[in-house]
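A.B. asks: Sharing a model prediction with you, sequence too.
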Amino acid sequence: MSLVNHIDTKNSQWKKVNEGVEMLILRSEPGEVRALLRFAPEKGYPRHRHPEGEEVFVLEGIYKDMGKEYSTGSYLYYPPNSDHAPTSPTGCTILVISPKPPVNL
């Protein structure tokens, strides 16, 4: 039987990214970063760029980016070198998958 890595997200230490946004790294290896981001209502992630793209899956709440709102169950793909500054009107939790961490602008 192989070893299974487990993270209890409810009892883990989330890292403050900025006011109202927290991050929990699930897995970070060369060429692979997976994290949860939790936005408080009316808060957002600072403008940043994704050198090799990013995938976002909305786990709960409303995620807003580039003038459009995405609800629970939405999947978004940002191509390489795209930049954005997402927010959440209601608060949300998203799963982020990216080959490399973002570059703040």
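C.D. replies: Arrived safely, thanks for sending.
A.B. asks: for the lowest-mean-pLDDT helix or strand in the chain, packing partners?
C.D. replies: The weakest-scoring helix or strand in the chain, judged by mean pLDDT, DSSP states H and E, is strand 103-104 (a mean of 82). Where contact means 3 or more Cβ pairs under 8 Å, 6 or more residues apart in numbering; DSSP states H and E, strand 103-104 is packed against strand 48-50. The C-beta positions use only the backbone N, C-alpha and C, and glycine is treated the same way.
A.B. asks: Quick one: list the elements packing against the strand it packs on.
C.D. replies: Using 3+ Cβ pairs under 8 Å, 6+ apart: strand 48-50 touches strand 82-84, strand 103-104.
A.B. asks: out of those strands, nearest to Gly31?
C.D. replies: The minimum distance between Gly31 and those falls on strand 103-104, with 16.0 Å, by Cβ to Cβ.
A.B. asks: Name the strands paired with the closest one and say parallel or antiparallel.
C.D. replies: Using DSSP bridges, strand 103-104 pairs in its sheet with strand 48-50 (antiparallel).
A.B. asks: Check which residues of the strand it pairs with are buried.
C.D. replies: 48, 50 (16 or more other Cβ atoms under 10 Å).
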